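S.K.: 3D model of this:
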Amino acid sequence: MTPTAARQFADPQFSFDATTHDAPTVADLVRRCRWIAVDINATSFALYSVAPSMERQRLVACFDSEHPRVSPATRYLSGSMGEDLVRHARLSTLPCWWIGNEDANSPAALVPEDWTVEIPAPVPESTGIAFPVYGERGQSGLVLFFGIDIALLASQLPEIHGRCFSLFAATMRSRSADEGRAPVISRRERECLKLTANGHTSEEIAKLLKLSVHTANQYLTNTVQKLNAVNRMHAVAKALRLGLIE
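M.R.: Numbering: from 1, shown residues only. Here you go, the predicted structure:
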């Protein structure tokens, strides 16, 4: 029995069957995504949903391999740099891969070429593969894996992609459960958090909102506490996931 098959046999929640299980915790989702990463020899991972906004669609980080912190790659892709991945997720169901590191496996060794699409590296000097995933009510997203030694056989690809679909469905179910418990965030707190998400410092936020730096910092501290986050960027990730900011 393969390690993957053994894990499925040992863990009845592996399939994330919505009809028989409650919404999983984020820690549970992170653990299961890590299992997939181990099976394909990836070193890190992240799961995103695609959220529409008035201006454009963007990647919204649900979690990554540094949970409860937020990785630099996630912060990078949650901005405008994730647009190429969003575009791919909206147009194709094929996994997409990229080679951005000279020490990485060759494209032929990384993934079966006929079943995937090559794209420019969405994160500089990174190598990885992204699986487009879709859920109910038009939900869509991507599960990303990074690593210079990622290895996938043609026979593995459908199974790995299927597991990503199941993981995304469970994540959306968990997020829906969280939305019913969303904390009350004031207008000013939302404004400060949104500007933080757009890369502004406390000094810049204070200037834009005509506040003192102390007051801007206090609003941000409030949001970190209300969202039970470990820092500002974690609060931003949770606020995006809960739909409190765009």
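S.K.: Point out where the chain drops to low pLDDT.
M.R.: 1-23, 52-56, 79-80, 104-113, 175-182 (pLDDT under 70).
S.K.: can you map out the helices along it?
M.R.: Counting by DSSP state H, the chain has these helices, from start to end: 3-10, 26-39, 72-77, 83-91, 107-110, 157-179, 187-197, 202-209, 213-226, 232-241.
S.K.: out of these, nearest to Ile129?
M.R.: helix 107-110 (7.1 Å; CB to CB). Placement of C-beta: from N, CA and C, glycine included.
S.K.: What are the buried residues along stretch 124-135?
M.R.: By 16 or more other CB atoms under 10 Å, the buried positions in stretch 124-135 come out as Ser126, Thr127, Gly128, Ile129, Ala130, Phe131, Pro132, Val133, Gly135.
S.K.: Dump the helices of the chain into CSV; add distance to Cys62 and mean neighbour count as well.
M.R.: Output for the helices of the chain, formatted as CSV (distance: least, CB to CB, whole Å; neighbours: other CB atoms under 10 Å):
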stretch, distance to Cys62, mean neighbour count
helix 3-10, 22, 12
helix 26-39, 8, 17
helix 72-77, 10, 20
helix 83-91, 14, 17
helix 107-110, 25, 14
helix 157-179, 5, 19
helix 187-197, 15, 20
helix 202-209, 25, 16
helix 213-226, 18, 17
helix 232-241, 6, 24
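S.K.: List just the one of these that sits closest to Ala46.
M.R.: helix 72-77 (5.3 Å).
S.K.: Tyr134 contacts Phe165, doesn't it?
M.R.: Yes - the pair Tyr134 / Phe165 is scored as a contact, 7.4 Å apart, by CB atoms under 8 Å.
S.K.: Same list, the helices of the chain, but as TSV with distance to Ile150 please.
M.R.: Formatted as TSV, the helices of the chain follow (distance: least, CB to CB, whole Å):
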stretch	distance to Ile150
helix 3-10	16
helix 26-39	9
helix 72-77	15
helix 83-91	17
helix 107-110	6
helix 157-179	11
helix 187-197	29
helix 202-209	38
helix 213-226	34
helix 232-241	24
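S.K.: and Ile119, which of those helices is closest to it?
M.R.: Of all these, helix 83-91 sits nearest to Ile119, with 6.3 Å by CB to CB.
S.K.: circling back to that earlier point, right, and out of the buried residues of stretch 124-135, which lies closest to Val213?
M.R.: Val213 has its nearest neighbour among those in Ser126, at 34.6 Å by CB to CB.
S.K.: My guess is that closest one contacts Phe146. True?
M.R.: Yes - using CB under 8 Å, Ser126 is in contact with Phe146, at 5.6 Å.
S.K.: Mutual contacts of those two, please.
M.R.: Ala73 (CB atoms under 8 Å, 6 or more residues apart in numbering).
S.K.: contacting residues for Lys238?
M.R.: Listed by CB under 8 Å, 6+ apart, the contact set of Lys238 reads Leu227, Asn228, Ala229.
S.K.: do Leu142 as well
M.R.: Leu47, Tyr48, Val50, Leu59, Leu85, Ala89, Ala130, Phe131, Pro132, Val133.
S.K.: what's the neighbour count on the third one?
M.R.: Same thing as Val50. Counted with other CB atoms under 10 Å, residues neighbouring Val50 total 22.
S.K.: separation between it and Met81?
M.R.: Separation of Val50 from Met81 (CB to CB, to the nearest Å) stands at 14 Å.
S.K.: now the fourth one
M.R.: Here the criterion is CB to CB. By it, Leu59 lies 9 Å from Met81.
S.K.: the more surrounded of those two?
M.R.: More crowded of Leu59 and Met81, by other CB under 10 Å: Leu59, with 26 against 15.
S.K.: Would you check how far apart the more buried one and Asn41 are?
M.R.: 24 Å.
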